[in-house]
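Trainee: build me a model:
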Amino acid sequence: MMEEKTKNERKNNKSVKTAVLLFGAVLITMSLLGGTLAKYTSEIGTASDSARVAKWGITEEAQTFDMFKTAYDGAAGTSTNTVESKNGNKVIAPGTSGSVVMAPTISDTKLNNVETAFKVNYAYGDFASDSVYGKYLGNWRNNADGVSGFPWWPLRFKISAYDTTDNDYTDVVYDGIDTNGGAKNPDDGGDQAKNLNDTLKAGGTTETIYPNESLAEKKAKLAAIGFKIEWEWPFERPETGSLEAVNDWDTVVGNRAADPATLDADMPRFNMSMSYKAVQVD
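Mentor: From the prediction side, this is the model:
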């Protein structure tokens, strides 16, 4: 009995050992299989994107518009002035004349930096409720009191648009100065002011200015919206229709300007205004 018991115990021990070995083999096999099933793994990278706001930067800046002067030169080669202001104000008088190019100015830095397409529009002037560029202000009347009688508006105007062939302001769109050698009468002063304003208002807008264009191309498009305005106050003006003693009318407004009692609001003068607006386009 004892011998048989010993044999059974040995069999049991072998069974346990066998079971342990088999279990260990299973673990090793699972480990090996697990590593094989995982295969290769790699991080292939991530993606991201961001954007900033495109530059605009077209802000208000000083516009040059020197249409009138404080002094007007005399004969060529002399140092004398035929008309000269005594208080630094710009003045006009019989015999004076001048010209100015009326076109928007944007600095080279801003034109180079702006990153969106845009156009420039003409905006109207700001004389009270009147949407006009040029306007007679004060009392321009032919009677000595300066407030009664006919209106006396002596300035004449010539307006030229930009000619892309000449790259200059040579395309005449209104001429109130040329009288064809005296063969025709000049337009009335009030009509001249109206034609001046109507022409400027018809100026419209620039072509689209694109950010990838050269500085020269951008500046050419700004120039093309402009006009050249030439003006004169004739020293001698033919009398037309009901006009009488024209030179005396000049004297009336000249004396009124010198009258200490004249309020500034009543001072005979001519004002010009220019305004532009830059607008982004698609």
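
Trainee: where does the chain dip in pLDDT?
Mentor: 1-38, 124-132, 238-247, 263 (pLDDT under 70).

Trainee: how about the helices in it?
Mentor: Counting by DSSP state H, residue ranges of the helices within the chain are 2-38, 108-113, 189-201, 215-224, 246-258.

Trainee: in stretch 199-213, which residues are buried?
Mentor: 199, 200, 203, 206, 209 (16 or more other Cβ atoms under 10 Å). For every residue, glycine as well, the C-beta is placed using N, CA and C.

Trainee: got the contact list for it?
Mentor: Stretch 199-213 has contacts (Cβ atoms under 8 Å, 6 or more residues apart in numbering) with 102, 104, 111, 114-122, 124, 131, 133-134, 159, 173-174, 218, 221-222, 224-227, 281.

Trainee: so residue 93 makes contact with residue 232?
Mentor: No. Residue 93 lies out of contact with residue 232 (Cβ atoms under 8 Å); the separation is 11.1 Å.

Trainee: neighbour count for those two, which is higher?
Mentor: residue 232 (20 against 17; other Cβ atoms under 10 Å).

Trainee: before we move on, the earlier item: mark which of the contacts of stretch 199-213 are buried, thanks.
Mentor: Here, 16+ other Cβ under 10 Å leaves 102, 104, 111, 114, 118-120, 122, 133-134, 159, 174, 218, 221-222, 224-227 buried among the contacts of stretch 199-213.

Trainee: in strands, which of the residues you listed fall?
Mentor: 102, 118, 119, 120, 122, 134, 159, 174, 227 (DSSP state E).

Trainee: for residue 255, which non-adjacent residue is spatially closest?
Mentor: residue 144 (7.7 Å; Cβ to Cβ, 6 or more residues apart in numbering).

Trainee: what about that neighbour, neighbour count?
Mentor: Close neighbours of residue 144, defined as other Cβ under 10 Å, add up to 13.

Trainee: mind checking how far stretch 218-237 is from the chain centre?
Mentor: The chain centroid and the centroid of stretch 218-237 are separated by 18 Å under Cα atoms, centre = their mean, to the nearest Å.

Trainee: and it, C-alpha only, in PDB?
Mentor: The C-alpha trace of stretch 218-237 is given here as PDB (Å, rounded to 0.1, in the frame of the first residue of the first chain):
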ATOM      1  CA  LYS A 218      -0.600 101.800 -58.900                       C
ATOM      2  CA  LYS A 219       0.400 105.500 -59.100                       C
ATOM      3  CA  ALA A 220      -0.600 105.600 -62.800                       C
ATOM      4  CA  LYS A 221      -4.100 104.500 -61.800                       C
ATOM      5  CA  LEU A 222      -4.300 107.200 -59.200                       C
ATOM      6  CA  ALA A 223      -3.100 109.800 -61.600                       C
ATOM      7  CA  ALA A 224      -5.700 108.700 -64.200                       C
ATOM      8  CA  ILE A 225      -8.600 109.800 -62.000                       C
ATOM      9  CA  GLY A 226      -7.300 113.300 -61.700                       C
ATOM     10  CA  PHE A 227      -7.900 116.600 -63.500                       C
ATOM     11  CA  LYS A 228      -5.800 119.600 -64.200                       C
ATOM     12  CA  ILE A 229      -7.600 122.800 -63.400                       C
ATOM     13  CA  GLU A 230      -6.500 126.000 -65.000                       C
ATOM     14  CA  TRP A 231      -8.000 129.300 -64.000                       C
ATOM     15  CA  GLU A 232      -7.700 133.000 -64.700                       C
ATOM     16  CA  TRP A 233      -9.200 136.300 -63.800                       C
ATOM     17  CA  PRO A 234      -8.800 138.300 -67.000                       C
ATOM     18  CA  PHE A 235      -7.400 141.700 -66.700                       C
ATOM     19  CA  GLU A 236      -9.500 142.900 -69.600                       C
ATOM     20  CA  ARG A 237     -12.800 141.100 -70.200                       C
END
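
Trainee: distance of residue 123 from residue 67?
Mentor: 18 Å (Cβ to Cβ, to the nearest Å).

Trainee: who has more neighbours out of those two?
Mentor: Shown here are residue 123 and residue 67; by other Cβ under 10 Å, residue 67 has more neighbours (19 against 13).

Trainee: contacts only, for the closest residue to residue 256 other than its chain neighbours.
Mentor: Spatially, and ignoring its direct neighbours in sequence, residue 256 is nearest to residue 146 (4.2 Å; Cβ to Cβ, 6+ apart). Contacts were defined as Cβ under 8 Å, 6+ apart; by that measure residue 146 touches 139, 252, 253, 256, 259, 262, 266, 268.
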